[in-house]
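In: one predicted model, sequence on top.
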Amino acid sequence: MRRYVHHQVSAVIEAVGAACVSAPVAFVLGGVPDVHVALWAVVVLTVLTLVFGALACTRVAWLGGERRDFETAVPLADPDRVLPAPCESLRRSLDVGFPVLLAASGVIGALLWGSPAGLWPLVFVPDRLANAAFGTYWERRHGVVLWLGNVPEQPLAKNQWLYSSVRQPGL
């Protein structure tokens, strides 16, 4: 089972890590992009962060809002038996395949379309940061911690959002 905020933060770490691998390779192969390109990239990422931040707060799932998912979360029947330690939850959220795929596609994109394509993994960062911020806000506002995963004791909650009290030991 993975904690929601840890899952979002791990995706940010993976995307930034992939960009840190693909961008230098892309810059060596295609040259460092213009200052104007870098400035536009910062502006676009800032605007995307604001847009995704607004969308994360909506109830409309197809727009990227997760508020409805949070509000339909079910309580964990026995949190003491099910919940992993916080560091273990973060470790489970990290994936090796995703950053490797992002880094490889960034290098290939840089070869095909120029060196700025090496920064494309950063496109995932605004959405995940906005979702993590909204998730943290929602958890604190409601006094619960959100989890996603399978709990054998709750077969109806398979791949559904679950929540536990923030007062659980070890959190």
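Out: Great, that's in hand.
In: make it CA atoms for all contacts and neighbour counts henceforth
Out: Noted.
In: buried sites along the host helix or strand of A38?
Out: For A38, the host element (DSSP states H and E) is helix 35-56. Across helix 35-56, burial judged by 16 or more other C-alpha atoms under 10 Å covers A41, L45, L48, T49, F52, G53, A54, L55, A56.
In: go through those and name the one nearest A26.
Out: The nearest member of the buried residues of helix 35-56 to A26, counting by C-alpha to C-alpha, is A41 at 15.6 Å.
In: and the next element down the chain from the helix or strand of the chain with the lowest mean pLDDT?
Out: When the helices and strands of the chain are compared on mean pLDDT, DSSP states H and E, helix 86-93 comes out lowest with a mean of 64. Downstream of helix 86-93, the first helix or strand assigned by DSSP H and E is helix 97-113.
In: check which helices and strands the helix or strand following that following helix sits against.
Out: Counting by DSSP H and E, the element after helix 97-113 in chain order, helix or strand, is helix 124-142. When contacts are defined as 3 or more C-alpha pairs under 8 Å, 6 or more residues apart in numbering; DSSP states H and E, helix 124-142 sits against helix 4-30, helix 35-56.
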